[in-house]
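Student: Below are the sequence and a predicted model for it; my questions follow.
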Amino acid sequence: MAPKKAPAKSPTRISGGAHASTSAGNGAARPAAKRPVNTARGYKRPERLEDGYIIEDKTGKKTWRVGPVIGQGGFADVYLVSDKASKPVTEGTAKHVMKLEPSDNGPLYQEVKFFKAAAKSDAIAAFLRERSIKSLGIMEYISSGVMEVNDKNLRWLILPRLDRNVQQILDECDGIFSRQCVILLALQLLDILEYIHKQGYAHADLKATNLMTGLSKTDASQVYLIDFGLVKRFMDDNKHIPYKEEPKAAHDGTLELTSTDAHKGAAPSRRGDLQILGFNLIKWLTGSLPWSDSTDPNFVRSQKITYFQNQSEFFRVAFPDGAPKEITDYFKAIRDLQYHDEPNYAKLREIFQKASKDVKARKSDLFATASAAQESVDSADSVPVPKKRATRSAAVALSIGTSEAPPAKRGRKPKA
């Protein structure tokens with residue numbers, strides 16, 4: 001069914017699942033001119049929507065007005081949107097964003113499935129009550145759908161708007177966070193991962209670029225995990241999926257940070273997410289990992305397996321001046337996890353809660369003292385954060401070639 005025809009000088013109206021006919025002239029909105037963007041290999045880019053498009057959300061019984069593009073990636077565009085369709089969408093008023101992708105791309109399809117199944121407001125509220133915490137870095141699912149624009153099907157997902165990307169903050173700190181900041185991040189991320197895992201999903205791609213701060217002043221010290229394009233359900237009928245290595249899926253995720261399971265082609269799991277978190281914590285503290293300058297996936301895989309088995313050597317190379325106790329304790333706690341094991345999240349939190357007391361860290365100080373260069377050593381047992389160092393020269397010598405790695409793999413395309 002065709003959408004209602006928009007009057008002159010009014011936004012173009014699109015109904016979810018309906019054909020959207022647009023035309024130039026008479027002030028009607030039309031797709032904006034395409035701009036050169038690096039598109040991920042094997043994927044398509046979405047049609048560009050002009051400021052003022054209207055989407056009729058029949059499921060949520062709302063009308064959304066599309067504003068300006070605020071982000072573009074290899075798969076999708078991100079727009080500001082508002083449920084006040086009669087008013088222009090501006091940076092100052094928009095409280096939501098819309099992610100837009102061709103419907104046959106895999107990443108947004110996976111994200112929509114996750115948010116619809118696991119990020120409803122009642123599920124998040126129940127977890128907050130269970131854990132007696134005030135906030136959690138999981139965006140609440142708002143709405144989603146598929147629409148046709150210029151004979152092309154586009155999938156859209158609307159979520160709450162966030163503020164700063166943690167990678168940008170990290171860059172401002174010369175690539176290294178203070179020990180205090182990393183401890184606070186670890187505590188928040190353990191809560192987030194526990195919630196996701198309780199819903200039966202693994203994220204598989206935790207990293208600074210996939211973390212953002214809350215939009216409001218009261219939420220500025222809360223980080224949110226984003227980009228669920230690699231999310232995988234590891235529970236099937238209340239049973240953990242079996243461990244199985246698939247060569248075609250080997251090295252899925254971000255090469256530098258992905259888990260050893262992912263390198264072997266096994267599906268994401270709880271232990272994999274915790275391992276990825278550990279690699280991030282070390283990178284945030286030191287600026288790099290022993291394998292950071294390698295693009296050879298087989299070399300990186302071997303490095304991770306070797307160092308994970310020989311953790312004392314891992315810490316010696318990563319922290320020449322001595323590793324923080326919370327980092328060594330964390331890696332020891334996750335080292336023997338089996339693929340199907342449920343982690344002891346409370347024990348892992350205790351490691352960082354103790355460390356936070358030692359350095360007198362408060363959640364409100366999350367990024368206030370983020371820079372390692374400004375961090376003061378207040379106690380005798382505080383561990384200095386090492387400066388950035390060379391990576392591959394310090395790595396364990398392995399006889400592996402240096403073939404180029406493929407781009408980071410993403411979610412599979414949806415089945416027809």
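Tutor: Good, I have the coordinates. What you see is a predicted model, and the numbers here were worked out from it, not measured in a lab.
Student: for the chain, longest helix please?
Tutor: helix 179-198 (DSSP state H).
Student: Name the residues that touch the following helix or strand past that one?
Tutor: Sequence order places strand 201-202 as the next helix or strand after helix 179-198, per DSSP states H and E. Contacts made with strand 201-202 from outside it, assessed by CB atoms under 8 Å, 6 or more residues apart in numbering, are listed as 114, 118, 196, 231-234, 267-270, 272-273. In short, each C-beta sits where N, CA and C put it, glycine included.
Student: pLDDT of the longest helix of the chain, averaged?
Tutor: For helix 179-198, mean pLDDT rounds to 98.
Student: sorry, back to before: in JSON lines: the contacts of strand 201-202, plus neighbour count, distance to residue 369 and secondary structure.
Tutor: Shown next, in JSON lines, are the contacts of strand 201-202 (neighbours: other CB atoms under 10 Å; distance: CB to CB, whole Å; DSSP: H, G, I helix; E, B strand; the rest coil):
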{"residue": "114", "neighbour count": "20", "distance to residue 369": "33", "secondary structure": "helix"}
{"residue": "118", "neighbour count": "20", "distance to residue 369": "33", "secondary structure": "helix"}
{"residue": "196", "neighbour count": "22", "distance to residue 369": "28", "secondary structure": "helix"}
{"residue": "231", "neighbour count": "23", "distance to residue 369": "32", "secondary structure": "coil"}
{"residue": "232", "neighbour count": "20", "distance to residue 369": "35", "secondary structure": "strand"}
{"residue": "233", "neighbour count": "17", "distance to residue 369": "38", "secondary structure": "strand"}
{"residue": "234", "neighbour count": "20", "distance to residue 369": "36", "secondary structure": "coil"}
{"residue": "267", "neighbour count": "21", "distance to residue 369": "38", "secondary structure": "coil"}
{"residue": "268", "neighbour count": "26", "distance to residue 369": "33", "secondary structure": "coil"}
{"residue": "269", "neighbour count": "25", "distance to residue 369": "34", "secondary structure": "coil"}
{"residue": "270", "neighbour count": "24", "distance to residue 369": "31", "secondary structure": "helix"}
{"residue": "272", "neighbour count": "26", "distance to residue 369": "31", "secondary structure": "helix"}
{"residue": "273", "neighbour count": "26", "distance to residue 369": "27", "secondary structure": "helix"}
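Student: Following the record's annotation, map out the domains of this protein.
Tutor: According to automatic domain parsing, the chain comprises the domains 36-160, 166-394.
Student: ok, the contacts of strand 201-202 vs residue 180, which is closest?
Tutor: residue 273 (23.5 Å; CB to CB).
Student: Identify the residues contacting that closest one.
Tutor: By CB under 8 Å, 6+ apart, the contact set of residue 273 is 193, 196, 197, 202, 203, 204, 206, 259.
Student: how near is the second one to residue 100?
Tutor: With distances defined as CB to CB, to the nearest Å, the gap from residue 196 to residue 100 amounts to 24 Å.
Student: The fourth one now?
Tutor: With distances taken as CB to CB, residue 202 is found 25 Å from residue 100.
Student: Who has more neighbours out of the two?
Tutor: A count of neighbours by other CB atoms under 10 Å puts residue 202 above the other of residue 202 and residue 100, at 27 against 24.
Student: Surely residue 66 is in a helix?
Tutor: No: Residue 66 is assigned strand when assessed by DSSP: H, G, I helix; E, B strand; the rest coil, not a helix.
Student: Give me the nearest residue to it, chain neighbours excluded.
Tutor: Among residues not flanking residue 66 along the chain, residue 53 sits closest, at 4.0 Å (CB to CB, 6 or more residues apart in numbering).
Student: Hmm, the one you found is touching residue 69, no?
Tutor: No: between residue 53 and residue 69 there is no contact under CB atoms under 8 Å: 11.4 Å.
Student: the more surrounded of the two?
Tutor: Taking neighbours as other CB under 10 Å, residue 53 and residue 69 compare with residue 53 leading, 26 against 18.
Student: Please tell me how far that one sits from residue 156.
Tutor: 10 Å.
Student: quick one: low-confidence ranges for the stretch 251-400 of the chain?
Tutor: 373-400 (pLDDT under 70).
Student: Apply 80 and report the result again.
Tutor: 372-400 (pLDDT under 80).
Student: Now do the helices in it.
Tutor: With helices called from DSSP state H, counting those that start in this stretch, the stretch 251-400 of the chain shows them at 260-263, 270-286, 297-309, 311-318, 325-335, 345-358.
Student: got the angle between the longest one and helix 179-198?
Tutor: When you say that, I think you mean helix 270-286. 170 degrees (axes from the mean of the first three to the mean of the last three CA atoms, to 10 degrees).
Student: cool, the fourth one as well?
Tutor: When the same axes, to 10 degrees is applied, the directions of helix 311-318 and helix 179-198 differ by 130 degrees.
Student: and helix 311-318, what other elements does it pack with?
Tutor: Packing partners of helix 311-318 (3 or more CB pairs under 8 Å, 6 or more residues apart in numbering; DSSP states H and E): helix 297-309, helix 325-335.
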